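K.L.:
next comes the sequence, and after it the predicted model I'd like to discuss.
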Number of protein chains: 2
Amino acid sequence: MSPLCFSMESDFIAWLRDRLPPHPQLRLGPGDDAAILRLSDRAECVVTVDLLTDGVDFDLAAIDVLRAGRKALAVNLSDLAAMAAKPVAAVIALALPRQGGQQLAVELYEGLIPLAERYTTAIAGGDTNSWDGPLVISVTAIGEVTARGPLLRSGANPGDRIIVTGNFGGSILGKHFDFDPRVEEALLLNERYALHAGIDCSDGLSLDLSRIAAESGCGAAIDLARLPVSASAHKLAAAKVARRSAADSASRSDALQSALGDGEDFELILAVPRDDAQRMISEQPLAPLPLTDIGQFVAEPGLWQTTADGRRQPLPIRGYEHEFD
Amino acid sequence: MSPLCFSMESDFIAWLRDRLPPHPQLRLGPGDDAAILRLSDRAECVVTVDLLTDGVDFDLAAIDVLRAGRKALAVNLSDLAAMAAKPVAAVIALALPRQGGQQLAVELYEGLIPLAERYTTAIAGGDTNSWDGPLVISVTAIGEVTARGPLLRSGANPGDRIIVTGNFGGSILGKHFDFDPRVEEALLLNERYALHAGIDCSDGLSLDLSRIAAESGCGAAIDLARLPVSASAHKLAAAKVARRSAADSASRSDALQSALGDGEDFELILAVPRDDAQRMISEQPLAPLPLTDIGQFVAEPGLWQTTADGRRQPLPIRGYEHEFD
């Protein structure tokens, strides 16, 4: 990174104006009181915000700020994907530590801009502040719904299959920063198949699946044998077994728990009517990214596991919830 | 405030969903992966973000968090006003101190919701986090441009008059929290008169005026005798004089400096062609809020003061700029 020196926020904005790629829907970018976006006629506009803080969502003592910047945008793009919306723009608000803040800001943008370009997302504006606290990154992303309409959490029906993209568990080994938000995948699936509901898996497969079920007024039953468990989840589980005094056979179970509860997989969890689900699974339109049928939505509220003999047992919900004191 | 107790963010979202007033353009509010807004056909969409931190933008040891919450939305609405845009929605991202965070969040929203209602702004969504740091509030506001188009900083021409709403200086005595963003005023003026450029005064009249001039490729000359100096600025100046060993006659000058540089007035500074400016001043369509002609844009870049005998002298730019280390 070339050393840059801005004494004022206005100098930083001048750098940013020069650095940001143009975007066909961005009529006016950073530097005025607000940015101006051109949206498609009659489009519904989708808005999401995520705030990430040093020490909670990332640790600047351990990772490069480029990855934190990339992640701050990626989690928002993943939310747009979960709505089957096309990204249009993002605005970035920063609280920078006074010491070394400008270098952090530049690197953070350098981490974020390539992802914005790949997903044709205009960086429309921002607010850059200094303070005595750690780095805070707040990204708001704006998208457009396609003619197929938005994908909500609330549309699942009993009998719909549960279809997931990719593999789950063990994201802490790297995927939690370097994941690709499933934007193109969601748009393609929403275009070619009937989707009833969707969510991106940020807080844990079992927790996020239970959220779709709850919003849809039904339950969900997972066939655990079908769960696409990631290599990282197996790796974590093997390491856990190795640490135990007696090596036991719990590795498969540990990996499953990891897939069900780790979170930050940023894969899609979809409710798909049976016929479209069958077609989706046989066509595998996202290959090499797998689509897997892991069970079905059911009338009884709650989260269930379907055992080998077809019976249902309650499945504990695991995942990450923000706690309040 | 009634004592509420949420153990999880999901409980808080449930409270919020119940508490937030409905809005005709909000198709889907908090609780899904993103909010969905209905925009008017062909509307251009305007986006702005401001991040406020405890210790810099407000001090929770000295003020009620309701006022901080209100201000966080108000500064964004003021930015929309500066674009002559109609507010549609806002999303709120919070980093809450772990201790007492939920009570802070509730009161912050209670401070912000009445303002959102008054300006028909949907609270479309948010992100609520806990951490070991002080309170951070990031608000992103979305507006729609009217058929008259947006008001940019860059449209002023030499010869345009400088018209301002309200009075300037001394906002630290209370207006910096309790100001009314000039949303209706901007829409009315943009509807009835030709406006060439506009900005809201957040960082100081002289600094924000110089920004319009710089973006428009011209300069600005203020007739200091015409400056609408607020009662608060006079009060501050009088207190300053009283503190001096010998009471001198600098009070008028101190109040002027306050009006030129204090900032956080959140009044509009407009570039208006001469004929419309004359009409505006005689009609006073915002009465009892005054509109004042304080000078004109000029060909020579920079900021100038026009003396009683009509000569121009450079006027130092005073105001608040974020510094980087």
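P.N.:
Right, received. Where do you want to start?

K.L.:
ok, and does the helix or strand of chain A with the lowest mean pLDDT reach over to chain B?
P.N.:
For chain A, using mean pLDDT, DSSP states H and E, the weakest element among its helices and strands is helix A:9-19, scoring a mean of 85. Yes. Helix A:9-19 is in contact with chain B by CB under 8 Å from any CB of the partner chain, via A:E9, A:S10, A:D11, A:F12. In short, each C-beta sits where N, CA and C put it, glycine included.

K.L.:
list the helices and strands that helix packs on?
P.N.:
helix A:101-118, strand A:122-131 (3 or more CB pairs under 8 Å, 6 or more residues apart in numbering or on different chains; DSSP states H and E).

K.L.:
right, and A:K71 touches A:F177 too?
P.N.:
Yes. Counting by CB atoms under 8 Å, A:K71 touches A:F177, with 5.2 Å between them.

K.L.:
where exactly do the helices run in chain A?
P.N.:
Using DSSP state H, the helices of chain A run over residues A:9-19, A:65-82, A:101-118, A:175-178, A:183-192, A:205-216, A:231-243, A:251-261, A:274-283.

K.L.:
highest mean neighbour count out of these?
P.N.:
Most buried of the helices of chain A, by mean neighbour count (mean count of other CB atoms under 10 Å in any protein chain shown): helix A:65-82, with a mean of 26.

K.L.:
next, count neighbours for A:T307.
P.N.:
By other CB atoms under 10 Å in any protein chain shown, the residues close to A:T307 number 12.

K.L.:
what's the answer for the one 10 residues further on, then?
P.N.:
Taking other CB under 10 Å as the criterion, the count of residues near A:I317 is 18.

K.L.:
and the one 4 residues further on, by the same measure?
P.N.:
A:E321 is flanked by 15 other residues according to other CB under 10 Å.

K.L.:
for the residue nearest to it when sequence neighbours are not counted, list each beta-bridge partner.
P.N.:
Excluding the flanking residues, the one nearest A:E321 by CB to CB, 6 or more residues apart in numbering or on different chains is B:M8, at 4.9 Å. Judged by DSSP bridges, the bridge partners of B:M8 are A:E323.

K.L.:
related to what we said a few turns ago, mind putting the helices and strands packed on helix A:9-19 in TSV, distance to A:D275 included?
P.N.:
Below are these laid out as TSV (distance: least, CB to CB, whole Å):
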stretch	distance to A:D275
helix A:101-118	33
strand A:122-131	38
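
K.L.:
can you put the ones you listed in TSV and add mean pLDDT and distance to chain B?
P.N.:
What follows is those, written out as TSV (pLDDT from 0 to 100; distance: least, CB to the nearest CB, whole Å):
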stretch	mean pLDDT	distance to chain B
helix A:101-118	95	4
strand A:122-131	93	5
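
K.L.:
and which of the residues of helix A:9-19 next to chain B is nearest to chain B?
P.N.:
Taking CB to the nearest CB as the measure, chain B sits nearest to A:E9 out of those, at 3.9 Å.

K.L.:
for B:Y320, see how far away the closest one is.
P.N.:
Going from A:E9 to B:Y320 by CB to CB, to the nearest Å gives 10 Å.

K.L.:
still on that earlier bit, overlap in contacts, A:K71 and A:F177.
P.N.:
A:F58 (CB atoms under 8 Å, 6 or more residues apart in numbering or on different chains).

K.L.:
low-confidence ranges in chain A?
P.N.:
A:1-7, A:42-43, A:244-250, A:322-325 (pLDDT under 70).

K.L.:
what about dumping the CA coordinates of the longest strand along it to PDB?
P.N.:
When every strand of chain A is counted residue by residue (DSSP state E), the longest turns out to be strand A:85-97. Extracted C-alpha coordinates of strand A:85-97, given in PDB (Å, rounded to 0.1, in the frame of the first residue of the first chain):
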ATOM      1  CA  ALA A  85     -32.300  -8.600  -5.100                       C
ATOM      2  CA  LYS A  86     -29.700  -7.100  -7.500                       C
ATOM      3  CA  PRO A  87     -27.100  -4.900  -5.700                       C
ATOM      4  CA  VAL A  88     -27.100  -1.300  -6.800                       C
ATOM      5  CA  ALA A  89     -25.100   0.700  -4.200                       C
ATOM      6  CA  ALA A  90     -23.600   0.800  -0.800                       C
ATOM      7  CA  VAL A  91     -22.700   3.700   1.600                       C
ATOM      8  CA  ILE A  92     -19.900   3.300   4.100                       C
ATOM      9  CA  ALA A  93     -19.700   4.900   7.600                       C
ATOM     10  CA  LEU A  94     -16.500   4.600   9.600                       C
ATOM     11  CA  ALA A  95     -15.400   5.400  13.100                       C
ATOM     12  CA  LEU A  96     -11.600   5.300  12.800                       C
ATOM     13  CA  PRO A  97      -9.100   5.200  15.700                       C
END
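
K.L.:
thought B:V47 was touching A:G126, still the case?
P.N.:
No. Applying CB under 8 Å, one finds A:G126 not in contact with B:V47, separated by 10.4 Å.

K.L.:
of these two, who's got more company?
P.N.:
More crowded of A:G126 and B:V47, by other CB under 10 Å: B:V47, with 29 against 26.

K.L.:
bridging residues for that one?
P.N.:
A:A35, B:I142.

K.L.:
thinking again about what came up before, to B:L77, which of the helices of chain A lies closest?
P.N.:
The closest of the helices of chain A to B:L77 is helix A:9-19. By CB to CB, the value is 21.3 Å.

K.L.:
spell out which parts of the stretch 151-300 of chain A neighbour chain B.
P.N.:
Residues of the stretch 151-300 of chain A lying close to chain B by CB under 8 Å from any CB are A:L152, A:R153, A:S154, A:I199, A:D200, A:E215.

K.L.:
which two among these are spaced furthest apart?
P.N.:
Spanning the widest gap among these are A:S154 and A:D200, at 15.3 Å by CB to CB.

K.L.:
which one of those two is surrounded by more residues?
P.N.:
Shown here are A:S154 and A:D200; by other CB under 10 Å, A:D200 has more neighbours (25 against 16).

K.L.:
just give the closest residue to that one, not the sequence neighbours.
P.N.:
That would be A:A82: by CB to CB, 6+ apart, it lies 4.0 Å from A:D200.

K.L.:
now do the shared contacts for A:G126 and B:V47.
P.N.:
What both A:G126 and B:V47 touch, as defined by CB under 8 Å, 6+ apart, is the set A:V91.

K.L.:
can you name the residue of the stretch 151-300 of chain A nearest to chain B?
P.N.:
Closest point on the stretch 151-300 of chain A to chain B, by CB to the nearest CB, is A:R153, at 5.2 Å.
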